[in-house]
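# One predicted model, sequence on top.
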Amino acid sequence: MNRSFRPLSRRAALGALIALGASAAAPAFAADPYPSKPIQLVLPFPPGGSFDPIFRTLAEAASRDLGQPIVLMHKPGAGGVTGTASLATMNEADGYTIAVMHNSVIRAPLVQKVSWDPLKDFSYLIGLAGLTTGIVVATDAPWKTLPELLADARKRPGAVSWGNVGAISINRIYAERLARQAGTSFNLVPYKGGSEAFQAVIGRHLDVYGDPGFGPQVQGGKVRLLATFTAERLKRYDAPTVKELGHDMVIESPVGLVAPKNLDPKIAARLHAAFVKAAADPAYLQQLELFDMQPKLMTGESYADYARAQFERDRKMLAEIGFKPE
């Protein structure tokens, strides 16, 4: 008998079994399929706007495929930039926090000082749809057409108030460009969200609102649509485009989803597949139609390519109009 061998005490044997069990369980835990807990979807605007019902129905559809709830989290601020930008400074990219991306976030470094890079600090997951920008006034407002509004604004420079969501949104920039082309100026008023702005224009506290999300208000007879910044007329409304009225301006504004940078490609692919499937959900498509948004699916790679190209287009456009960063 080998006298160097000594049986383990009961306590040591128990400790060895616990250690063995822990080591055996570790790979199983690491291999836990994604997702294994709820996912947070950051909406960078206040509750009550058009993004609320659109992304709520999309999240519900994607949740069914992923097998975990997708919880909407409103983080408004800086014209819809703050909430999405919060992901750019996150240290961990685990797929459990995603956010709505839109062009104001891509444009942000060109118009103000920020500590993050929209082209490097996000994982682009999917492009979803295009926003439609319209110019609306209250139904009892004196202007029946955009030319009437511009003619009045020329007589009273700076007197007509024009609202937008966010001081750096393309809709606000194009309102200023339109005023310059018309030989006048507007009193440009930034709002935190569309719900607040629509209440102001309907109550005649604001003269004009120029942003997406006007569909339900127009269809409900609460506001009058004077024109749209689309390439062609919208079939649903008898309203001209700004371009056909002599101002060569078309706004293309896609929205999509991003995660923090360095997201595991397998998790990104899982999220992309779930949202592609959700984007075909009838309830979601109905919401897009209600708010005059056009489905426009892009892969994460294509959406990232678009962001790079849009950043350069905005850089050029802002230089042409002499815009100086804040």
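Structure's in. What do you need?

# what packs against the longest strand along the chain?
The single longest strand within the chain, with elements called by DSSP state E, is strand 122-131. Other helices and strands packing on strand 122-131, by 3 or more Cβ pairs under 8 Å, 6 or more residues apart in numbering; DSSP states H and E, are strand 97-101, strand 253-260, helix 265-278, strand 294-299, helix 300-320. (Each C-beta comes from the backbone N, C-alpha and C, glycine too.)

# Does anything pack onto the next helix or strand after that strand? Which helices or strands?
Counting by DSSP states H and E, the next helix or strand C-terminal to strand 122-131 is strand 134-138. Packing contacts for strand 134-138, counted by 3+ Cβ pairs under 8 Å, 6+ apart, involve helix 146-155, helix 194-202, strand 208-211, helix 215-219, strand 223-228.

# Mean neighbour count, these: which tops it?
strand 208-211 (a mean of 28; mean count of other Cβ atoms under 10 Å).

# strand partners of that strand, parallel vs antiparallel please.
strand 134-138 (antiparallel), strand 161-165 (parallel) (DSSP bridges).

# Buried residues in the last one, which are they?
Read that as strand 161-165. 161-165 (16 or more other Cβ atoms under 10 Å).

# tell me what the helix or strand just after that strand is packed against?
Using DSSP H and E, the helix or strand that follows strand 161-165 in sequence is helix 170-181. Under the contact criterion of 3+ Cβ pairs under 8 Å, 6+ apart, helix 170-181 touches helix 103-111, strand 161-165, strand 187-191, strand 208-211, helix 300-320.

# Now tabulate these in JSON lines and tack on mean pLDDT.
Formatted as JSON lines, the helices and strands packed on helix 170-181 follow (pLDDT from 0 to 100):
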{"stretch": "helix 103-111", "mean pLDDT": "94"}
{"stretch": "strand 161-165", "mean pLDDT": "94"}
{"stretch": "strand 187-191", "mean pLDDT": "94"}
{"stretch": "strand 208-211", "mean pLDDT": "96"}
{"stretch": "helix 300-320", "mean pLDDT": "95"}
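
# Report pLDDT for R6.
On the pLDDT scale, R6 is placed at 45.
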